[in-house]
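Engineer: Could you look at this predicted model? Sequence included:
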Amino acid sequence: MVEKVSQGVDSCKCCEFGGYWPSLESDQCGGCGHPYSSHGYFHHVYQAFYSLNTRFYYLIVNSTVPIDVNLSSISKSTFQRYNKDVILPNKHRIHSLHLSNLCLYDDISSPIHILSQFLRLKTLSLNNIESKHLEYLLPTLVSLSCLSSLSITSNDIIRNKTPIYSQIVRLPALKYCSLSLKKSNSGDPLLLTANEYSPIEHLIIKHDITTNELYSLLSHVPQLRRLYVSDICNSWWKDIKTSVFVLPYLTHISLNLSSIYFNALAEMMIDIFNQVQVLHISKRFIYNEMYGNANKWEQLILSHMPNLRIFDIQYDNFSYNITTDNHNGNQVISNTTSDNFTSSFWIKRQSFFTQQYFQEQNRNRTIFYSTDPYRRKHYTLYNNIYQSTCLNSKETHLKSVQNLKIQNDKETINCKYYFPNATTLTLQNKLSRTYNLISVNLSRVIPLKQLTKLVIESNPISLTKLIELLRCTPHIHTLVLKSMSLYGLNYNSIQQNQSFLLVSNTNTITHVTCNGECTLEKLQILVALFPRIQHLTIKPHTKNLGSCIRFLVEKTNRNTTHLCSLCLLTTAKNWLTRLNTLIASETLLDDYMLKMIDWNLYLWW
């Protein structure tokens with residue numbers, strides 16, 4: 001087991017165990033044991049060689065090599081050919097199947113309707129799936145004796161999770177399970193059938209779950225080795241524990257806590273987490289001192305967690321004991337209970353911590369977290385930090401961080417940390433007015449050429465700043481913008497800009513989201529800047545709907561050659577009918593699917 005991240009490693013997309021990845025030579029994630037997969041690589045081989053000549057055709061068709069099918073980034077016409085040529089004739093060769101296009105679940109020819117025939121299927125990933133499809137699909141998976149990995153992300157609210165959990169624990173070979181079921185306000189308890197046990201060893205729950213639900217679910221997974229839960233909260237009804245059970249193999253635990261009190265967590269540790277070796281705890285917005293009480297943790301660890309070797313904690317707290325020094329006007333922060341984490345107990349265990357203080361929304365906030373080495377995948381550089389205390393920590397390279405969030409790029413100027421393996425960058429609030437300083441400042445803390453996803457939440461960002469950023473981040477494939485400003489620019493003038501042309505010719509961005517209201521002119525610039533775009537999410541104004549759709553699906557538009565999927569945000573209910581009528585009356589598309597979920601409209605062609 002690798003416990004420290006090497007620079008330049010590939011990361012497991014599903015693992016949430018605090019940054020445990022293998023070297024490049026390994027084919028498994030060191031954090032969750034989940035096998036890496038050549039997701040969709042076979043499809044690229046098919047596109048390149050299938051129709052080239054007879055020899056390549058038979059090599060692909062008659063091969064016994066297992067097939068990994070990824071239908072996440074595929075046009076409707078390409079899917080139909082691929083389904084006919086590869087998927088249907090080779091059901092016996094398919095080892096993994098990945099879906100995320102919500103329109104594909106409604107397609108009558110979709111593989112999900114014949115999943116029971118995929119007898120060698122080992123890995124199944126269902127993203128953006130509606131509950132109605134999930135209810136139909138899960139019972140059919142019981143017949144798949146090789147299915148060892150299952151990932152589900154729901155698109156709509158799951159009001160009763162019991163049927164889903166009940167079907168999952170019945171899967172005979174399941175070892176890895178990741179669930180993200182959209183939040184429900186229902187307080188219904190989780191009632192699973194007694195004496196049904198699952199072979200699941202790695203369980204990831206990316207939705208809220210109460211303590212009662214968690215107790216009930218864990219009582220059905222006696223082989224569990226690793227557990228990640230994104231949001232544990234107190235039960236709405238009186239705590240009713242199931243019969244006493246033991247999880248002797250559960251050694252790695254990562255918990256994000258919501259409203260659960262420290263005593264409830266301690267009770268859970270004593271009851272079922274007492275064999276833990278690696279423990280990651282995150283708690284946000286604490287209004288009491290218990291989670292920062294080093295003595296409480298020391299007693300709990302000594303008495304009930306004898307095998308613990310890694311204790312990783314992070315919590316946020318609101319501090320109201322910060323005063324102003326009348327002599328020099330500086331902020332003065334009194335000692336907190338976190339200072340007790342410098343005792344010999346923690347030093348002997350090589351557990352070191354740091355705490356930061358800053359103002360946020362007229363409140364004083366404290367963030368306390370483990371470091372040396374820092375083991376988490378996410379890190380935030382906060383704005384206006386006016387005091388930071390390092391408790392025996394010397395860590396400067398935070399190698400585990402994959403997702404870096406920066407509240408203000410000025411914080412990068414004197415930042416003492418470097419994030420060598422970060423691949424996702426989120427920029428919030430203010431950006432430097434001098435646009436060419438953005439990339440200079442960012443390069444101090446992150447290798448820009450390594451980034452694959454960029455999220456810009458500052459409102460709005462100028463096109464000039466955006467282009468400057470993209471010049472320094474050539475491997476971005478996913479871009480999310482809160483809003484984009486075209487002040488002093490128009491479509492015709494920007495076409496002559498050398499920086500614009502350079503970025504347009506070199507960037508590899510395929511997924512673009514613009515959450516701000518999008519005019520036809522903005523849309524034209526976005527498409528010209530990202531000519532390899534495949535999936536676009538925008539919020540068009542009502543009066544621009546027709547012109548925007550015509551522009552995007554126009555067959556003679558060279559910049560939309562690869563575009564096959566469109567999401568329109570915050571639409572009116574009548575837009576579904578309007579768009580259907582528009583496409584049909586003007587014959588804009590020959591074959592397409594149109595679907596509305598909540599207030600969003602999805603078009604796939």
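Structural biologist: Looks like it came in fine.
Engineer: Can you tell me which helix or strand of this protein has the lowest average pLDDT?
Structural biologist: strand 331-333 (a mean of 46; mean pLDDT, DSSP states H and E).
Engineer: Tell me which helix or strand comes right after that one.
Structural biologist: Following the chain from strand 331-333 toward its C-terminal end, the next helix or strand by DSSP states H and E is helix 344-348.
Engineer: ok, and for that next one, which residues are buried?
Structural biologist: Along helix 344-348, the positions that meet the burial threshold by neighbour count (16 or more other Cβ atoms under 10 Å) are 345-346. No exception for glycine: its C-beta is placed from N, CA and C like everyone else's.
Engineer: Show me the helices in the stretch 351-500 of the chain, by range?
Structural biologist: Counting by DSSP state H, counting those that start in this stretch, the stretch 351-500 of the chain forms helices over residues 436-442, 463-471, 491-494, 498-506, given from the N-terminal end onward.
Engineer: name the helices or strands packed onto the second one?
Structural biologist: Other elements packing on helix 463-471 under the criterion 3 or more Cβ pairs under 8 Å, 6 or more residues apart in numbering; DSSP states H and E are helix 436-442, strand 453-456, strand 484-485, helix 498-506.
Engineer: what's the average pLDDT for it?
Structural biologist: The pLDDT scores in helix 463-471 average 91.
Engineer: Which one of the helices of the stretch 351-500 of the chain lies nearest to Glu135?
Structural biologist: Of all the helices of the stretch 351-500 of the chain, it is helix 463-471 that lies closest to Glu135, at 42.8 Å by Cβ to Cβ.
Engineer: Report the inter-axis angle for that closest one versus helix 498-506.
Structural biologist: 40 degrees (axes from the mean of the first three to the mean of the last three Cα atoms, to 10 degrees).
Engineer: quick one, strands of the stretch 451-600 of the chain?
Structural biologist: If you assign secondary structure with DSSP state E, counting those that start in this stretch, the strands in the stretch 451-600 of the chain sit at 453-456, 461-462, 478-481, 484-485, 511-518, 535-540, 565-568, 593-597, 600-604.
Engineer: CSV for the ones you listed, including distance to Ile270 and mean neighbour count?
Structural biologist: Below are the strands of the stretch 451-600 of the chain laid out as CSV (distance: least, Cβ to Cβ, whole Å; neighbours: other Cβ atoms under 10 Å):
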stretch, distance to Ile270, mean neighbour count
strand 453-456, 40, 20
strand 461-462, 50, 20
strand 478-481, 43, 20
strand 484-485, 53, 18
strand 511-518, 45, 18
strand 535-540, 46, 21
strand 565-568, 47, 21
strand 593-597, 43, 16
strand 600-604, 45, 21
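Engineer: Make TSV from those and add distance to Glu411 to it.
Structural biologist: As requested, the strands of the stretch 451-600 of the chain are arranged in TSV below (distance: least, Cβ to Cβ, whole Å):
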stretch	distance to Glu411
strand 453-456	16
strand 461-462	18
strand 478-481	21
strand 484-485	23
strand 511-518	24
strand 535-540	29
strand 565-568	33
strand 593-597	38
strand 600-604	34
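Engineer: My read is that Gln534 contacts Cys564, right?
Structural biologist: Yes: applying Cβ atoms under 8 Å, one finds Gln534 in contact with Cys564, separated by 6.0 Å.
Engineer: Mind checking which of the two has more residues around it?
Structural biologist: When Gln534 and Cys564 are compared for neighbours, Cys564 comes out ahead with 23 against 20, by other Cβ atoms under 10 Å.
Engineer: per-residue confidence at that one?
Structural biologist: 96.
Engineer: Now it. Nearest residue, chain neighbours left out?
Structural biologist: Spatially, and ignoring its direct neighbours in sequence, Cys564 is nearest to Ser75 (3.6 Å; Cβ to Cβ, 6 or more residues apart in numbering).
Engineer: For the one you found, grab phi and psi.
Structural biologist: Summarising the backbone geometry of Ser75 under the convention degrees, to the nearest 10, its torsions are phi -80, psi 170.
Engineer: ok, it to Asn492 distance?
Structural biologist: Computed as Cβ to Cβ, to the nearest Å, the Ser75 to Asn492 distance reads 30 Å.
Engineer: which regions of the stretch 301-450 of the chain lie under the pLDDT threshold?
Structural biologist: Counting by pLDDT under 70, the stretch 301-450 of the chain contains low-confidence ranges at 319-339, 360-361, 384-395, 432-437.
Engineer: correction: the chain
Structural biologist: When the per-residue scores of the chain are filtered using pLDDT under 70, the ranges that remain are 1-62, 184-189, 236-244, 286-289, 319-339, 360-361, 384-395, 432-437.
Engineer: thinking again about what came up before, now render the helices of the stretch 351-500 of the chain as CSV, adding distance to Asp409 and mean neighbour count.
Structural biologist: Converted to CSV, the helices of the stretch 351-500 of the chain look like this (distance: least, Cβ to Cβ, whole Å; neighbours: other Cβ under 10 Å):
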stretch, distance to Asp409, mean neighbour count
helix 436-442, 5, 17
helix 463-471, 10, 21
helix 491-494, 24, 14
helix 498-506, 19, 14
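Engineer: Figure out which of the ones you listed is closest to Gly546.
Structural biologist: That would be helix 491-494 among these, by Cβ to Cβ, at 18.4 Å.
Engineer: ok now do Val246, which residues does it touch?
Structural biologist: Under the criterion of Cβ atoms under 8 Å, 6 or more residues apart in numbering, the contact partners of Val246 comprise 222, 272.
Engineer: helix/strand/coil for it?
Structural biologist: Using DSSP: H, G, I helix; E, B strand; the rest coil, the structure places Val246 in coil.
Engineer: Give me the phi and psi for it.
Structural biologist: In this entry, Val246 is assigned phi and psi values of phi -120, psi 140 (degrees, to the nearest 10).
Engineer: Tell me the spacing between it and Pro222.
Structural biologist: Computed as Cβ to Cβ, the Val246 to Pro222 distance reads 8 Å.
Engineer: Report the beta-bridge partners for the closest residue to Gln355 other than its chain neighbours.
Structural biologist: Excluding the flanking residues, the one nearest Gln355 by Cβ to Cβ, 6+ apart is Phe368, at 4.4 Å. Beta-bridge partners recorded for Phe368 (DSSP bridges): Tyr315, Gln355.
Engineer: and Phe368, how many neighbours does it have?
Structural biologist: Burial of Phe368, expressed as a neighbour count using other Cβ under 10 Å, amounts to 24.
Engineer: all helices of the stretch 101-250 of the chain, in order?
Structural biologist: Counting by DSSP H, counting those that start in this stretch, the helices of the stretch 101-250 of the chain are 131-137, 162-168, 211-218.
Engineer: Make JSON lines out of those helices and add distance to Ile413 and mean neighbour count.
Structural biologist: Rendered in JSON lines, the data for the helices of the stretch 101-250 of the chain read as follows (distance: least, Cβ to Cβ, whole Å; neighbours: other Cβ under 10 Å):
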{"stretch": "helix 131-137", "distance to Ile413": "48", "mean neighbour count": "16"}
{"stretch": "helix 162-168", "distance to Ile413": "48", "mean neighbour count": "18"}
{"stretch": "helix 211-218", "distance to Ile413": "43", "mean neighbour count": "21"}
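Engineer: ok, Phe358 touching Gln407?
Structural biologist: No: shown here, Phe358 and Gln407 do not form a contact pair, counting by Cβ under 8 Å, at 9.1 Å.
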